[in-house]
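Q: I need the structure of the sequence given here:
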Amino acid sequence: MNFAVIVFPGSNCDVDMYKAVEDCLGQPVDYVWYTQTDLSKYDVILIPGGFSYGDYLRTGAMASLAPAMESVKKAAAEGKLVLGVCNGFQILTEAGLLPGALRRNQSLKFHCKYVDLKVESNSTPFTLDYQEGEMIKIPIAHGEGNYYCDPETLKKLQENNQIVFRYEGLNPNGSIDEIAGIINEQGNVLGMMPHPERAVHEWLGSEDGKRMFTSILKYWRERNGAA
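A: You can find the predicted model right below:
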């Protein structure tokens, strides 16, 4: 199973994502520069956090127009898995792969801490190893994680079971409906603000993020009849 970690100018969580795949799964993983236009060899595309293009214009706006993103869109249309975390989530919304937008945190401050998340759906390729309703601890590190969408879109997300994670207790950024992560209608593109790749070992403070990566591998194996 081949993983690609897309690297943009300003990415700073690409190494975290790479190491999470390496440590949790032991599967082939490559750094892929933002100018790459052929992602056909990859089964999963990971878009890491950071400050792509210095967050100029809007977070994720410039990165969404990078050459690699056309290949990401093609891969998503083919049913391949795409995971965007933090700035990756922002890029996915700017690219139109996920609905809504990420705005400045309600406090207008950058927040870096562990938060409690509720797993709202364990029927996605990214959450198979979780229990529905389970509480997990995952870190955040963002200044613009306030997820917003119009009422019609929110209703659609709710009715289609596209809200995968919600903040529990503390909503650190003011996101509508406590949303921390959503998936597309087809169920193969997930965007979330908290960082599962930073929670794969107990010595990091939590290993609750590890099961996101094992879920991806389980889904791929089941889908492809692999041992």
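Q: What's the end-to-end length of stretch 164-183?
A: One end of stretch 164-183 sits 7 Å from the other (C-alpha to C-alpha, to the nearest Å).
Q: er, stretch 10-28 actually
A: 24 Å.
Q: Quick check: buried residues in that stretch?
A: Buried residues in stretch 10-28, counting neighbours by 16 or more other C-beta atoms under 10 Å, are found at 10-11, 13-14, 16-21, 24-25, 27. Every residue, glycine included, has its C-beta placed from N, CA and C.
Q: With secondary structure, distance to Arg58 and pLDDT as extra columns, can I get the residues you listed in CSV?
A: As requested, the buried residues of stretch 10-28 are exported to CSV (DSSP: H, G, I helix; E, B strand; the rest coil; distance: C-beta to C-beta, whole Å; pLDDT from 0 to 100):
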residue, secondary structure, distance to Arg58, pLDDT
Gly10, coil, 14, 94
Ser11, strand, 17, 94
Cys13, coil, 19, 96
Asp14, helix, 21, 97
Asp16, helix, 23, 97
Met17, helix, 22, 98
Tyr18, helix, 26, 98
Lys19, helix, 29, 97
Ala20, helix, 27, 97
Val21, helix, 29, 97
Cys24, helix, 32, 94
Leu25, coil, 33, 96
Gln27, coil, 33, 96
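Q: mind putting these in CSV, distance to Ile179 included?
A: Shown next, in CSV, are the buried residues of stretch 10-28 (distance: C-beta to C-beta, whole Å):
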residue, distance to Ile179
Gly10, 25
Ser11, 24
Cys13, 20
Asp14, 25
Asp16, 23
Met17, 22
Tyr18, 27
Lys19, 27
Ala20, 23
Val21, 26
Cys24, 25
Leu25, 27
Gln27, 29
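Q: quick check, nearest of these to Leu217?
A: The closest of the buried residues of stretch 10-28 to Leu217 turns out to be Leu25 (C-beta to C-beta; 5.3 Å).
Q: so how far is Tyr42 from the closest one?
A: 14 Å (C-beta to C-beta, to the nearest Å).
Q: How about Arg104?
A: 33 Å.
Q: try Trp33
A: For Trp33, the distance to Tyr42 - C-beta to C-beta - is 13 Å.
Q: what about those two, which has more around it?
A: The neighbour comparison of Trp33 against Tyr42 (other C-beta atoms under 10 Å) goes to Tyr42, with 23 against 13.
Q: Identify the residues contacting the more buried one.
A: 2-4, 30, 32, 75, 80 (C-beta atoms under 8 Å, 6 or more residues apart in numbering).
Q: can you put these in a markdown table and add neighbour count?
A: Converted to a markdown table, the contacts of Tyr42 look like this (neighbours: other C-beta atoms under 10 Å):
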| residue | neighbour count |
| --- | --- |
| Asn2 | 14 |
| Phe3 | 25 |
| Ala4 | 26 |
| Asp30 | 16 |
| Val32 | 22 |
| Ala75 | 21 |
| Lys80 | 19 |
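Q: So which of those belong to helices?
A: By the criterion of DSSP state H, membership of those in helices covers Ala75.
Q: which of the contacts of Tyr42 lies closest to Met192?
A: Using C-beta to C-beta, Phe3 is the member of the contacts of Tyr42 that lies nearest Met192, at 17.1 Å.
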